[in-house]
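1. this one's structure only:
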């Protein structure tokens with residue numbers, strides 16, 4: 001049992017005379033008409049009445065014959081239109097001739113030209129569609145090639161940027177490493193200089209401490225020397241006093257021995273000098 005290819009309906013069915021698609025009619029869900037809109041297949045046969053519908057002219061064309069004059073398909077006059085009229089050679093068959101071989105042959109010719117014209121229109125349609133598809137495919141291929149080139153270019157640029165970034169990072173790292181090495185060397189020099197200064201400071205402090213100690217020692221020595229010099233001055237003063245007393249004594253004795261009068265009276269006498277330890281001040285009374 002025939003059913004609609006889209007909705008599985010079994011009533012009011014139409015079959016496409018080009019591709020054999022079965023669809024429901026307009027009183028159903030109109031899948032047959034939708035098939036025409038999708039494929040532009042013009043002719044469909046109603047399965048119940050065996051009549052042919054032309055979607056282009058929107059009417060039945062189940063009685064088509066070929067015009068012998070120009071070879072075009074024309075509608076065959078019905079038997080009713082020929083009843084009660086004069087019989088002519090160009091009219092279609094009467095009701096009595098419906099079962100004759102000419103009618104069968106005319107029907108065959110009708111369907112043959114119907115299918116041929118439809119196939120020609122479909123061929124032109126599909127050739128046009130094919131041309132459009134080929135042009136679209138060519139355009140799409142061009143776009144794909146263009147996009148591929150752009151993607152490849154972008155990928156190459158991205159790789160170059162990545163390499164450049166890596167080189168810059170490596171250069172920065174090398175620069176930072178060199179700066180680090182320089183800083184470490186400077187820090188080492190500064191530390192060495194600090195150690196040197198610290199050592200010199202310690203030596204200077206030691207020298208200063210030694211100098212201070214020597215200065216204290218020299219002060220003690222100077223004080224001792226001053227004390228000794230004072231003692232020596234006292235001793236020298238005492239010796240000078242004693243020497244002066246001795247000179248006075250000698251001078252007096254000489255005068256006594258040589259003189260007369262009072263000095264002569266003192267001759268033979270004796271003069272006693274005080275002990276040297278009693279003479280302490282300069283200018284002592286004689």
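-> Thanks, I have it. What you see is a predicted model; the values in this text were computed from it and never measured.

2. okay but residue 21 is in contact with residue 5, surely?
-> Yes. The pair residue 21 / residue 5 is scored as a contact, 6.0 Å apart, by CB atoms under 8 Å. Bear in mind the C-beta positions are built from the backbone N, C-alpha and C, glycine included.

3. These two: which has the busier surroundings?
-> residue 21 (20 against 17; other CB atoms under 10 Å).

4. how about the strands in the stretch 101-250 of the chain?
-> Counting by DSSP state E, counting those that start in this stretch, the stretch 101-250 of the chain has no strands at all.

5. shaky segments in it?
-> Along the stretch 101-250 of the chain, segments meeting pLDDT under 70 span 101-108, 111.

6. where do the helices sit along it?
-> Assigned by DSSP state H, counting those that start in this stretch, the stretch 101-250 of the chain shows helices spanning 101-258.

7. Which neighbours do residue 21 and residue 5 have in common?
-> Here residue 21 and residue 5 have no joint contacts, going by CB atoms under 8 Å, 6 or more residues apart in numbering.

8. So what sits opposite residue 24 in the bridge?
-> On the basis of DSSP bridges, residue 24 is bridged to residue 13.

9. what's the pLDDT at it?
-> Note for residue 24: predicted pLDDT of 93.

10. Surely it and residue 35 touch.
-> No. With contact defined as CB under 8 Å, residue 24 does not reach residue 35; the gap is 10.1 Å.

11. Residue 195 and residue 202: what is the separation?
-> Distance, residue 195 to residue 202, by CB to CB, to the nearest Å: 10 Å.

12. Next: residue 11.
-> 121 Å.

13. Can you tell me the number of residues neighbouring residue 145?
-> With other CB under 10 Å as criterion, residue 145 counts 10.

14. May I have the residues that are in contact with it?
-> Neighbours of residue 145 in contact, by CB under 8 Å, 6+ apart: none.

15. Next one: residue 240 relative to residue 250, how far apart?
-> 16 Å.

16. and if you look at residue 36?
-> 181 Å.

17. okay, those two: which has more neighbours?
-> residue 36 (22 against 10).

18. State the pLDDT value of that one.
-> pLDDT, read off for residue 36, is 91.

19. Residues contacting the one helix or strand it maps to, please?
-> In this assignment (DSSP states H and E), residue 36 forms part of helix 31-39. Residues outside helix 31-39 that contact it (CB under 8 Å, 6+ apart) are 4-7, 13-14, 16, 18-19, 21-26, 41-42, 44, 55, 122.

20. make it 6 Å
-> For helix 31-39, the external contacting residues (CB atoms under 6 Å, 6 or more residues apart in numbering) are 4, 6, 14, 21, 23-25, 44, 55.

21. could you dump those residues to JSON lines with distance to residue 227?
-> JSON lines is the format used below for those (distance: CB to CB, whole Å):
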{"residue": "4", "distance to residue 227": "149"}
{"residue": "6", "distance to residue 227": "144"}
{"residue": "14", "distance to residue 227": "155"}
{"residue": "21", "distance to residue 227": "149"}
{"residue": "23", "distance to residue 227": "149"}
{"residue": "24", "distance to residue 227": "151"}
{"residue": "25", "distance to residue 227": "155"}
{"residue": "44", "distance to residue 227": "155"}
{"residue": "55", "distance to residue 227": "153"}
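
22. what's the closest of these to residue 171?
-> The nearest member of the contacts of helix 31-39 to residue 171, counting by CB to CB, is residue 6 at 70.0 Å.

23. In the helix holding residue 36, which residues are buried?
-> Going by neighbour count (16 or more other CB atoms under 10 Å), the buried part of helix 31-39 is 31-33, 35-36.

24. so which of the residues you listed would you say is closest to residue 51?
-> Among the buried residues of helix 31-39, and counting by CB to CB, the member closest to residue 51 is residue 32, at 13.2 Å.

25. Next one: the nearest residue to the closest one once chain neighbours are set aside relative to residue 10, how far apart?
-> The shortest distance from residue 32 to any residue other than its chain neighbours is 3.4 Å, reached at residue 23 (CB to CB, 6 or more residues apart in numbering). As judged by CB to CB, residue 23 and residue 10 stand 12 Å apart.
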